[in-house]
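> 3D, please:
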Amino acid sequence: MPDIIYETRDNIAYITIDRPQSMNALGPAQQQEIIQVWQDFRDDPEALVAIVTGQGDRAFCAGADLKTYTPLLGERSSYEVRQDANRVGFGGITRGLEIWKPIIAAVNGYALAGGLELALACDIRIASDNAQFGCSEVRRGFHHCDGGTVRLPLIVGLGNALKLQLTGEPIDAAEALRIGLVSEVTALPDLIPTAERYARTIASNSPLGVRSAKESMLRNLGHALEDALRFENILFSSLTQTEDYKEGPAAFAEKRPPVWKGR
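Below is the predicted model of the structure:
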């Protein structure tokens, strides 16, 4: 049985880490599974948006499995260590795998270490009221290596990110909402329905427009304003050559829902 479950319903992909006995931590085998699952989502024409969550009610993902995954990292040659920067990052979407389809994290419990990095790599984060977020690596002798020190300051601001990273102390869902780490907090039974509400709203929009908007925002990070504005306009201009660009205004004029073709 796979530890990463991939299902699709009504243009929504559901990706579930199914290791509740290990707080949904990922070992080497699960890392390879989740990379393949993300590639399946990326290449699935019927899947317009993904929801990723953890099995059970205790953890979204507690990061890398300290018994099977973390020890291997210290046993490699210096050459192998250097090659990590060229490989796909922890959780599949943290580094090296471009997916412009929207991804929603439904955080059900602990999102710690690499689990937090996985959530940070998603576009929207919804948390259950029992969720906990933390950068516990400094308590183990290291720090984030798959986007935690990069994405976290962009999302919550440098001061909040430094507090989380340097203390290693977790925060609850209410504090995560206050600092902008998550978009909404719900009761645990309402978590997936809430994520589905976001997903359905996104899926009703132009798929090309949504993906292009995400690509524009993420690719332009760190670029000079003039270059970013130019790239944004190039992406927009590409959309004007699509069938969906004509369909949107036509549907508005005819007072009907648009029928997107994704081309």
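> can you count the residues close to Pro20?
Here the number of neighbours of Pro20 (other Cβ atoms under 10 Å) works out to 14. All C-beta atoms are positioned from the backbone trio N, CA, C, and that covers glycine.
> skip the chain neighbours and tell me the closest residue to it.
Gly56 (3.7 Å; Cβ to Cβ, 6 or more residues apart in numbering).
> so the one you found is in which element?
Using DSSP states H and E, Gly56 is not contained in any helix or strand.
> am I right that Ile99 is in contact with Asp43?
No - assessed by Cβ atoms under 8 Å, Ile99 is found out of contact with Asp43, at 9.8 Å.
> compare neighbour counts for these two and give me the winner.
Neighbour totals were compared for Ile99 and Asp43, and Ile99 leads with 18 against 9 (other Cβ under 10 Å).
> which ones are touching the more buried one?
Neighbouring residues of Ile99 by Cβ atoms under 8 Å, 6 or more residues apart in numbering: Trp38, Phe41, Arg42, Ile93.
> equivalent analysis for Ile5, please.
Taking Cβ under 8 Å, 6+ apart, one finds Tyr14, Ile15, Thr16, Asp18, Gln55 in contact with Ile5.
> distance to Glu184 and pLDDT added to those residues, as TSV?
Shown next, in TSV, are those (distance: Cβ to Cβ, whole Å; pLDDT from 0 to 100):
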residue	distance to Glu184	pLDDT
Tyr14	18	98
Ile15	19	98
Thr16	20	98
Asp18	24	97
Gln55	21	97
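> of these, which is the nearest to Ile34?
If you rank the contacts of Ile5 by distance to Ile34 using Cβ to Cβ, Ile15 comes first, at 7.6 Å.
> confirm the closest one sits in a strand?
Yes - with DSSP: H, G, I helix; E, B strand; the rest coil as the criterion, Ile15 is part of a strand.
> okay, now it: neighbour count?
Ile15: 24 neighbours (other Cβ under 10 Å).
> list the contacts of the nearest residue to it once chain neighbours are set aside.
With Cβ to Cβ, 6+ apart as the criterion, Ile15 has its nearest non-adjacent residue at 4.4 Å, and that residue is Val52. Contacts for Val52 (Cβ under 8 Å, 6+ apart) come out as Ile15, Thr16, Ile17, Ile103, Ile104, Ala105, Ala106, Leu118, Cys122.
> give me the mean pLDDT for the strand or helix carrying Val52.
Taking DSSP H and E as the definition, Val52 sits inside strand 49-54. Across strand 49-54, pLDDT averages out at 98.
> repeat for stretch 177-185
Averaged over stretch 177-185, pLDDT sits at 98.
> ok so, going back, ok, the residue nearest to Ile15 to Leu229 distance?
Relative to Leu229, Val52 is positioned 32 Å away (criterion: Cβ to Cβ, to the nearest Å).
> repeat that for Gly180.
For Gly180, the distance to Leu229 - Cβ to Cβ - is 25 Å.
> same question, Lys163
Lys163 is 33 Å from Leu229, by Cβ to Cβ.
> same question, Ala195
Shown here: Ala195 relative to Leu229, a distance of 33 Å by Cβ to Cβ.
> neighbour count winner among the two?
When neighbours are counted by other Cβ under 10 Å, Ala195 and Leu229 differ, and Ala195 comes out ahead with 27 against 12.
> check what pLDDT the more buried one gets.
98.
> what about the strands in this protein?
4-9, 12-17, 49-54, 59-61, 103-107, 110-112, 124-128, 132-134, 171-172, 184-186 (DSSP state E).
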